[in-house]
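Novice: sequence and predicted structure, then a few things I'm wondering about:
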Amino acid sequence: MAGVKAKIAPSMLSSDFANLASEAERMLQFGADWLHMDIMDGHFVPNLTIGAPVIQSLRKHTNAYLDCHLMVTNPLDYIKPLAKAGASGFTFHVEVSQENWQELVQKIKAKGMKPGVALRPGTPIEQVFPLVEAEAPVELVLVMTVEPGFGGQKFMPEMMDKVRVLREKYPSLDIEVDGGLGPTTIDVAASAGANCIVAGSSVFGAPSPQDVISILRKSVEGAQCKS
Ligand SMILES: O=C(CO)[C@@H](O)[C@H](O)COP(=O)(O)O
Ligand SMILES: [Fe+2]
């Protein structure tokens, strides 16, 4: 797994949205690398969260890497507004981009954001291979370990087969896992080869979020030493 860095990304979906800037600051002080921003349109998933205006407001308070996970039906419509708002990563879902993923990746890159692709639990991993192998490739694959839409769900360990296949094929790819990650589930994800870890309820719901972030990091770094 040479060359891939551990990135711990608290999901701000579990934060107090009324105090987003201070919640973000708190996570960074606790050792977070990225802030994971779940953008949902109430159509691709049955929940509605935030969009470019909130990213823009948060950007005024922090220089942190804003890892945007687009659970939306029309990701193309979000590229310009999110780039302008200050998003760092732009991860769209493969299920809604089979027609235009090349255009999406090119536009995301042209706007200076890191392109990523996400897949739902029921989507076969083979669907993302062409995007990773393209001339203008995605730079991150997000493997959903719950059905997208809500925080606080149970981790699906059977998704680790997807992570293992990806890590075997693409040793230097950023592989992100999202959903139900915490101290009791991190070891299987880390040993399967995930290096970017999203964690919402396990971090924000803990008496010591700092300890949880440090446990997640140690597990990923430990697994990398063994591989
Ligand atoms: O994308 C999503 C949910 O759709 C996630 O980013 C969740 O927000 C993760 O929350 P936990 O499962 O860690 O509570
Ligand atoms: Fe997410």
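Specialist: Arrived safely. Ligands and ions are numbered 1, 2, ... in the order given.

Novice: what about Val188, neighbour count?
Specialist: Neighbourhood size, Val188 [other C-beta atoms under 10 Å]: 19. C-beta here means a position set from N, CA and C on the backbone, and glycine is covered the same way.

Novice: my error: substitute Pro81 in the last question.
Specialist: The burial count for Pro81: 14, using other C-beta under 10 Å.

Novice: assign a three-state SS to it, would you?
Specialist: helix (DSSP: H, G, I helix; E, B strand; the rest coil).

Novice: and the protein, which of its residues are near ligand 2?
Specialist: By C-beta under 5 Å from the ion, the residues of the chain that approach ligand 2 are Asp38, His69, Asp178.

Novice: which one among those gets closest to Val212?
Specialist: Checking the residues of the chain next to ligand 2 against Val212 with C-beta to C-beta, the nearest one is Asp178 at 15.6 Å.

Novice: how far off centre is stretch 130-141?
Specialist: Centroid displacement of stretch 130-141 relative to its chain, using C-alpha atoms, centre = their mean, to the nearest Å, is 16 Å.

Novice: so which residues of the protein form strands?
Specialist: In the chain, the strands defined using DSSP state E lie at 7-10, 34-40, 65-71, 89-93, 114-119, 140-144, 174-178, 196-199.

Novice: export these to CSV and tack on distance to Phe17, mean pLDDT and mean neighbour count?
Specialist: Output for the strands of the chain, formatted as CSV (distance: least, C-beta to C-beta, whole Å; pLDDT from 0 to 100; neighbours: other C-beta atoms under 10 Å):
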stretch, distance to Phe17, mean pLDDT, mean neighbour count
strand 7-10, 14, 98, 27
strand 34-40, 11, 99, 24
strand 65-71, 15, 99, 25
strand 89-93, 20, 99, 27
strand 114-119, 22, 98, 22
strand 140-144, 22, 99, 26
strand 174-178, 19, 99, 25
strand 196-199, 17, 98, 28
